Structure formats: C-alpha cells, structure tokens
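S.K.: got a predicted model here, sequence first, then my questions.
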Amino acid sequence: MYAWIWRKLPFGLAGKLTGSLLLAAAALALLWYVAFPWVEPLLPFDDVQVTQESGQTGGPAGDDSGVTRPTPTGDGHELPYDTGQNGTPPPSPDR
C-alpha cells in the first residue's frame, strides 16, 4: 500500500517527500480532531470513583489525622540494605 502511494505521488523526490508529510499530517489531524473525540467518551479514564470505607476514621478529605506513619529513627538517612555486604567497608562518619 505504501509503495503504491509513493508511486502515485507526483513531482519527483521533493514532491513525494512533501506529499508524504502532508498525507501524514492529514491522517494525524483526522485522528486528533475526529477519531479521538469520538472514542473518548467510551474510554474509562475519567470514570474515577474515590470512596471511604465505613470502618475508617479520619477527618475531611485531605486530613491526615487518621493516617499512622512510622517515625524515622536515627538521622533519617537509613539505607534499606546492608552497606557491609560483599566485603565493602561501611561508610566513614565524616561523610
């Protein structure tokens, strides 16, 4: 199909390149302004439902009073892995 289109485009190589770009731009415009708006209501991306279960406590939306977070220990820069692994020395305290 693409070879057939390429053969049918006029005006040599420059015309074929220009015509190809125009055809691609027309196809994109058709998709952007016709096909995508037509299909968009059928897609579930805007169908978001946020609910709060009855057993949860807390204040209004955005209130973190019912959320428990772990308290950081040390300087707050603890690594989740062993730094002495594979024979590497632990970091020096001056760094």
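M.R.: Yep, it's here. Quick caveat, the model's predicted, so the values are computed rather than measured.

S.K.: point out where this structure drops to low pLDDT.
M.R.: 47, 52-77, 79-90, 95 (pLDDT under 70).

S.K.: need the three-state assignment for Glu78.
M.R.: coil (DSSP: H, G, I helix; E, B strand; the rest coil).

S.K.: any idea which helix or strand comes after the longest helix seen in the chain?
M.R.: The single longest helix within the chain, with elements called by DSSP state H, is helix 12-30. Once the chain leaves helix 12-30, the next helix or strand it forms, by DSSP states H and E, is helix 36-39.

S.K.: what's in contact with that following helix?
M.R.: Outside helix 36-39, no residue is within contact range by Cβ atoms under 8 Å, 6 or more residues apart in numbering. From N, CA and C alone the C-beta is placed, and that goes for glycine too.

S.K.: could you count how many residues lie near Ser92?
M.R.: Neighbour count for Ser92, taken as other Cβ atoms under 10 Å: 6.

S.K.: now do Lys8 against Gly19, distance only.
M.R.: Remark: distance between Lys8 and Gly19 (Cβ to Cβ, to the nearest Å) = 9 Å.

S.K.: for these two, work out which one has more neighbours and name it.
M.R.: The residue with more neighbours, out of Lys8 and Gly19 and counting by other Cβ under 10 Å, is Gly19; that gives 16 against 9.

S.K.: which residues does the closest residue to that one other than its chain neighbours contact?
M.R.: Nearest residue to Gly19 in three dimensions, chain neighbours excluded: Leu9, at 4.1 Å (Cβ to Cβ, 6 or more residues apart in numbering). Contacts for Leu9 (Cβ under 8 Å, 6+ apart) come out as 15-16, 19-20.
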